[in-house]
Every structure is written in C-alpha cells, then in structure tokens.
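**Q** Output the structure for:
(one chain, ligands or ions: 1)
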Amino acid sequence: KLSKRLQSIADLVTPGSRIADIGSDHALLPVYLVQSGRCPSAIAGELNKGPWQAAVRGVAEAGLANVIDVRHGDGMSVLNAGDADTVTIAGMGGSLMSMILEAGWQGGKLQQVKELVLQPNVGEDLVRRWLVERRFALQNEIIMEEDGRIYEVLHAIKAANADSHNEALYDSSFLPLKLTESAGRKLLYAMGPLLLREPSACLVRKWQLELAKLERICGQMLQSDTSEAREKEAAFRQEMNLIGEVL
Ligand code: SAM
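**A** So this is what the prediction gives:
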C-alpha cells in the first residue's frame, strides 16, 4: 500500500499514460502505477547509486523489470524524446525540482510530455513560477497531511491556452484584500491559486504553522537591534499581515 502522499500523486496521473518518475528512490510510485493498471509502462530515474539500486531491486521484486525501466542519471537526462507522457517528481525541495525541470526543458526533454505531477517538500512558489514561465497550465492542487507533515501536490498540463489560463489563475482580485498586482501574485505563488480559492483546514493549518515560525524569526531579529534587522523585521511583518488576512 502506498503512503497517502504518494497515493495522491498517483491519483493525479492520467490513466493510460507512460510515466517517468524522476528521483524515484525505491520506485514505489512507478511500481504502484503499473501494478494497479493505471500506467502501461514506466521509467524510474535516479541520480544516486544507492536509491538507483533500491529502484532496480524494487522493480525486480515486483516482477516488473520488463515494463519499468530503471535508469541511472541526473534529472531528465535519462529520457529520450517521446519516452514519457507524464513526468512525476516528488519528495524534494522546490528549488532542486525547478532546476531539474528547467534543465529538462532546455534539453528538449519536455517537448512531448503532456503532464507534470509535482510534489515539492518546500519552495512550492518556485515550482509554480516555473510552470507559468514554461507555459504549463496548473489544473489541480492538493494539500494533505500525513504523519504530522503537510504536503502539496501540483498537477499541470501542457495546453495551448496556458498563458491566458495562468493569467486568470494568478489574478488575485478574488481575494478579499486590496493588493497590488505584484503583491497579489507573490501571495498566490506562495500559497497556491487553486488552494486559496477553496481554502481547506489543512491549508489554514499549514500557514498558521508558517506564521508561528515567522513570528519566532521576527523575535530573534529584533534581539540583534540593528537597522538591517529592523528593516527585515518590518518586511516580514508585512508579509505576515497579508497571510494572516487571507486566512
Ligand atoms: N520520489 C520519491 C518519493 O517521493 O518518495 C523519493 C524522494 S527522495 C527524498 C529524493 C530522491 O531524489 C533521492 O532518491 C535522490 O537520490 C533523488 N535525486 C536528487 N537529485 C536528483 C537528480 N538531479 N536527478 C535524479 N534524482 C535525484
């Protein structure tokens, strides 16, 4: 049985698509997707030797070595044109994830990919920004809690109207706040434009925890009573007020 986190990623993969799971570790996700019949075949990519070996072992033990190809290499360098319809990347920071996505894009590896299912552990804003920049239309965002940790999953597709779709999505005028366009976009990149349209208890909890963390940092900043610390603290306060108002 998959963890709740991996299950919600699996549930967003379009049935029938050939997936490539980048940073697959034990290849749990590709094994599940093929075993359950959701995907006909899969590629598991791993950069590091230990996890790559774990993936090879996991796939062999599941008896799926003929349909899941475990490849050793950096990010999407393991893919060839037309290899995959869906790319999944999960369980790493948004900064590394957007670097992997950008390198894949630059290398032409995403040209024939139709959908992305992404689960950044932190730095979700960077991933959302990348999706807009590279014209993927954000279709769905999930937030959930497992073992005391909160996770977000983003589902985006390649669409001819991605620009206008994203333009409307990141228009913050639906929020009950008066914001400049850039402040509104920044808030939506951080908190999720779809999540914020229907705020769940989990989203509220995530940002309450985040606010408590920012509050502690502010306290520490004020202890080092320099003008730089005071300026930073003021900027933090402003951000915190915005988040607080949205909640
Ligand atoms: N995707 C699995 C999950 O969500 O449960 C495993 C997540 S694990 C924490 C992150 C994995 O990404 C590690 O196994 C690591 O070796 C791999 N990784 C890190 N950088 C990578 C890269 N540039 N290309 C491929 N894999 C990478």
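**Q** Would you mind splitting the protein into its domains for me?
**A** According to automatic domain parsing, the chain comprises the domains 4-170, 201-246.
**Q** And the ones you listed, which one averages the lowest pLDDT?
**A** Among these, domain 201-246 has the lowest mean pLDDT, at a mean of 88.
**Q** if we can go back for a sec, wait, which of the domains of the chain is closest to residue 190?
**A** Nearest of the domains of the chain to residue 190, taken as C-beta to C-beta: domain 4-170 at 4.7 Å. Where you see a C-beta, it was placed from the backbone N, CA and C, and this is true even at glycine.
**Q** In this structure, mark out all the strands, start to finish.
**A** Using DSSP state E, the strands of the chain run over 19-22, 42-46, 68-72, 86-92, 115-120, 136-146, 149-158.
**Q** most packed of the ones you listed?
**A** Mean neighbours per residue, mean count of other C-beta atoms under 10 Å, is largest over these for strand 19-22, with a mean of 29.
**Q** Counting by contacts, list what that strand packs against.
**A** On a contact count with 3 or more C-beta pairs under 8 Å, 6 or more residues apart in numbering; DSSP states H and E, strand 19-22 meets helix 28-35, strand 42-46, strand 86-92.
**Q** Output the ones you listed as CSV; include the columns distance to the ligand.
**A** Shown next, in CSV, are the helices and strands packed on strand 19-22 (distance: least, C-beta to the nearest ligand atom, whole Å):
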stretch, distance to the ligand
helix 28-35, 6
strand 42-46, 5
strand 86-92, 3
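**Q** returning to that earlier point: residue 175: which of the strands of the chain is closest?
**A** Residue 175 lies closest to strand 136-146 among the strands of the chain, at 15.8 Å (C-beta to C-beta).
**Q** Buried residues in stretch 235-243, which are they?
**A** Within stretch 235-243, the residues that count as buried by 16 or more other C-beta atoms under 10 Å are 239-240, 242-243.
**Q** Columns distance to the ligand on top of those, output as CSV?
**A** Below are the buried residues of stretch 235-243 laid out as CSV (distance: C-beta to the nearest ligand atom, whole Å):
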residue, distance to the ligand
239, 28
240, 30
242, 31
243, 27
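**Q** Just the ones of the residues you listed in helices?
**A** Secondary structure defined by DSSP state H assigns 239-240, 242-243 of the buried residues of stretch 235-243 to helices.
**Q** Just name the closest of those residues to residue 68, please.
**A** When these are ranked by distance to residue 68 (C-beta to C-beta), residue 243 comes first, at 41.6 Å.
**Q** What's the separation between the residue nearest to the closest one when sequence neighbours are not counted and residue 180?
**A** Excluding its sequence neighbours, the residue lying closest to residue 243 (C-beta to C-beta, 6 or more residues apart in numbering) is residue 207, at 5.5 Å. Separation of residue 207 from residue 180 (C-beta to C-beta, to the nearest Å) stands at 20 Å.
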